[in-house]
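Visitor: What would the 3D arrangement of this be:
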Amino acid sequence: MNEGRYLKLYAEAYHTLNEANSVLVSNTRQGALTSDSASELKTRLQKEKDEIDSEAKEFTSRKPFKGYTAQHEAVIDLLQKESNVLGLAIQVLNNPLDNGLDAQVEDAKETVQQIKELSGQISVPSTVMTMDDDITVLPAQLKAYVVEERKKDEERKRIEAERQAKLKELKDFFSEMDTAIDQYNNAKTNLGGMMESSRNGGMIWADYFRILNQAKSDRESVRYKVRNIKAPQGTEELKRDFLEVLDDSIRYCDVMKIGANLEFNHYYASARQKLGEANDIDKRVQSGYSAFIEKYNEKKGNLLNK
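Guide: Numbers count the residues shown, from 1 in each chain. As a prediction, this is how the structure comes out:
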């Protein structure tokens, strides 16, 4: 290799170094580097690193031309340091949340300062290695990106924690409401069965009043449970609708008992009037409960699967 060809290696190395330096510094500035641009930049920096490593391999494989030993070794050192810095930048972009990289970013301050000083000292005929961009700003730029990404991550975690807390509230609400609904359905079934049994077996007034008292007690127990259920935002109407149904259902038991007392005391006309009133209340209960269950199931599915 003649001296001219050998010196051309320096020009090629400088071009590769300067390009890598420019890409690295300009694209990690605040505002230029974002979560969205990080992936594309990683690919670009890896390409630059591969070219830097290729240049380093080229210089390492050759003996320095006579009179250029110091420059030759300095270029190898410069290329290796640039490769290391590029590798660190790629790691940071790949995982800015990795606390283990913080010390390496801090240590890079010394490396980039050495790169700046070393590049300014290497000079051969027709080539001076001084870079166009000041690489010493890189650690601060990487740190700013890391800080921003960690803030975003903390915010994402906060939002997710709030979402999970709200979801738990909803699950607890619907679990307790499901239990209350099951209790009410059982109470309805039991009342219907006992009333039918009482009629078929020949009504005994004491048993009839006991059935009505038990029916009222069952419904009051469900109402007490529902009143004490904490309703998360968006579920208040469901709780209110169910309580309205339960209030009417308890009122039904009261009116039925009044009618039974009237009939027991032979006030048959008044008893029929009360039984008619009870029948109207029961229709309202059935209609209200059906509408409530439809709304409840729809709301439950929407909120739990949001």
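Visitor: Could you use CA atoms for every contact and neighbour count after this?
Guide: Noted.
Visitor: for this protein, what spans make up the strands?
Guide: 123-124, 127-128 (DSSP state E).
Visitor: partners of the last one, with directions?
Guide: In the sheet containing strand 127-128, the strands it pairs with under DSSP bridges are strand 123-124 (antiparallel).
Visitor: hmm, who's touching the strand it pairs with?
Guide: Applying Cα atoms under 8 Å, 6 or more residues apart in numbering, the external contacts of strand 123-124 come out as 7, 10, 71, 129.
Visitor: now the spatially closest residue to the third one that is not a sequence neighbour: how far from M131?
Guide: Counting by Cα to Cα, 6 or more residues apart in numbering, Q71 lies nearest to I122, which is 5.9 Å off, once chain neighbours are set aside. Counting by Cα to Cα, to the nearest Å, the separation of I122 from M131 is 11 Å.
Visitor: Contacts only, for F59.
Guide: 9, 72, 75-76.
Visitor: Which residue ranges of the stretch 201-306 of the chain form helices?
Guide: 205-227, 236-264, 268-304 (DSSP state H, counting those that start in this stretch).
Visitor: will you turn those helices into a markdown table that also has distance to K47?
Guide: What follows is the helices of the stretch 201-306 of the chain, written out as a markdown table (distance: least, Cα to Cα, whole Å):
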| stretch | distance to K47 |
| --- | --- |
| helix 205-227 | 65 |
| helix 236-264 | 58 |
| helix 268-304 | 47 |
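Visitor: Single out the most deeply packed of those helices.
Guide: Neighbour counts (mean count of other Cα atoms under 10 Å) averaged over each of the helices of the stretch 201-306 of the chain peak at helix 236-264, with a mean of 19.
Visitor: That helix - contacts with which helices or strands?
Guide: Counting contacts by 3 or more Cα pairs under 8 Å, 6 or more residues apart in numbering; DSSP states H and E, helix 236-264 packs against helix 205-227, helix 268-304.
Visitor: tell me, which of the ones you listed is the model least confident about?
Guide: In terms of mean pLDDT, the lowest-scoring of the helices and strands packed on helix 236-264 is helix 205-227 (a mean of 90).
Visitor: so it versus helix 236-264, what angle?
Guide: 170 degrees (axes from the mean of the first three to the mean of the last three Cα atoms, to 10 degrees).
Visitor: and helix 205-227, C-alpha only, in CSV?
Guide: This file holds the C-alpha atoms of helix 205-227, laid out as CSV (Å, rounded to 0.1, in the frame of the first residue of the first chain):
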residue,chain,number,x,y,z
TRP,A,205,-104.5,-18.1,59.3
ALA,A,206,-101.6,-18.4,61.7
ASP,A,207,-99.5,-20.0,58.9
TYR,A,208,-100.6,-17.4,56.4
PHE,A,209,-99.6,-14.5,58.6
ARG,A,210,-96.3,-16.3,59.4
ILE,A,211,-95.6,-16.7,55.6
LEU,A,212,-96.3,-13.0,55.0
ASN,A,213,-94.1,-11.9,58.0
GLN,A,214,-91.3,-14.2,56.7
ALA,A,215,-91.6,-12.8,53.2
LYS,A,216,-91.3,-9.2,54.5
SER,A,217,-88.4,-10.1,56.7
ASP,A,218,-86.6,-11.8,53.8
ARG,A,219,-87.0,-8.7,51.6
GLU,A,220,-86.0,-6.3,54.4
SER,A,221,-82.8,-8.4,54.8
VAL,A,222,-82.0,-8.0,51.1
ARG,A,223,-82.8,-4.3,51.2
TYR,A,224,-80.5,-3.8,54.2
LYS,A,225,-77.7,-5.6,52.3
VAL,A,226,-78.2,-3.5,49.1
ARG,A,227,-78.3,-0.2,51.1
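Visitor: Any idea which residue is closest to the centre of the chain?
Guide: The chain has E160 as the residue nearest its centroid, 3.6 Å off, counting by Cα atoms, centre = their mean.
Visitor: so how far is T34 from it?
Guide: For E160, the distance to T34 - Cα to Cα - is 22 Å.
Visitor: just to revisit the earlier point, among the strands of the chain, which is the most enclosed?
Guide: Comparing these by mean count of other Cα under 10 Å gives strand 127-128 as most buried, with a mean of 16.
Visitor: what does that one rub up against?
Guide: 10-11, 14, 119-120, 122.
Visitor: Compare the residues you listed and tell me which is most surrounded.
Guide: Highest neighbour count within the contacts of strand 127-128, by other Cα atoms under 10 Å: Y10, with 24 neighbours.
Visitor: Who's the closest spatial neighbour of it, skipping the chain neighbours?
Guide: T127 (6.7 Å).
Visitor: can you check L86 too?
Guide: Using Cα to Cα, 6+ apart, the closest residue to L86 is K49 (6.2 Å).
Visitor: separation between the one you found and E169?
Guide: 51 Å.
Visitor: More neighbours: which of these two?
Guide: Neighbour tally, K49 and E169, criterion other Cα under 10 Å: the higher count belongs to K49, 24 against 16.
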